[in-house]
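K.L.:
Generate a structure from the sequence data that follows.
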Amino acid sequence: MKIIGLNHFQLDSRDVERTRAFYEALGGKVIRVMEREDGWKGYHVQLVENCVIEIQPPRLLEGGGGFDGWDHVALQVDNCEEACAVVEAAGGIIEKRPSGNMLGERPIINAVTFGLDGEKIEMVQML
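P.N.:
Residues are numbered from 1 along each chain as shown. Alright, predicted model coming up:
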């Protein structure tokens, strides 16, 4: 078996429409709308090729926020400062401002941000 890329990750959201709009503001595009009985609605939002977020209402009413075993997702970006500005403008929070770091032997700039449902999103700019 060989892993060839990221297919999608699921994010439970207490406000699916607001979360969809947040990821669209970051440059994502809705590629699938999922609808079920009783008004249930979810979305597949493609951020980049082979990177899709599946946003849906929590399975358990008291749940939400994408905390069930996921710590964060790391997105490679071309400009970490700009990515953080977009996150803040769309209503997200910056936990760690862009700064120099190493990814193995490779120098990077990275930042840690949070989306609207408390999901951790690391931004990585390769140098």
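
K.L.:
quick one, longest strand in the protein?
P.N.:
Across the chain, the longest stretch assigned as strand under DSSP state E is strand 93-103.

K.L.:
got a list of contacts for the helix or strand just after that strand?
P.N.:
Downstream of strand 93-103, the first helix or strand assigned by DSSP states H and E is strand 106-114. With contact meaning Cβ atoms under 8 Å, 6 or more residues apart in numbering, strand 106-114 is reached by 72, 80, 83-84, 87, 92-103, 120-127. Bear in mind the C-beta positions are built from the backbone N, C-alpha and C, glycine included.

K.L.:
buried set for strand 106-114?
P.N.:
By 16 or more other Cβ atoms under 10 Å, the buried positions in strand 106-114 come out as 108-113.

K.L.:
Format the residues you listed as a markdown table; extra columns: pLDDT and distance to Arg36.
P.N.:
Output for these, formatted as a markdown table (pLDDT from 0 to 100; distance: Cβ to Cβ, whole Å):
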| residue | pLDDT | distance to Arg36 |
| --- | --- | --- |
| Ile108 | 89 | 41 |
| Ile109 | 95 | 41 |
| Asn110 | 91 | 38 |
| Ala111 | 94 | 36 |
| Val112 | 90 | 34 |
| Thr113 | 94 | 31 |
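
K.L.:
can I get those in TSV with distance to Val48?
P.N.:
Shown next, in TSV, are the buried residues of strand 106-114 (distance: Cβ to Cβ, whole Å):
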residue	distance to Val48
Ile108	17
Ile109	18
Asn110	17
Ala111	17
Val112	19
Thr113	17
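
K.L.:
Pick out the most distant pair among those residues.
P.N.:
Ile108 and Thr113 (15.2 Å; Cβ to Cβ).

K.L.:
where does this protein have low pLDDT?
P.N.:
For the chain, the stretches flagged by pLDDT under 70 are 1-7, 59-71.
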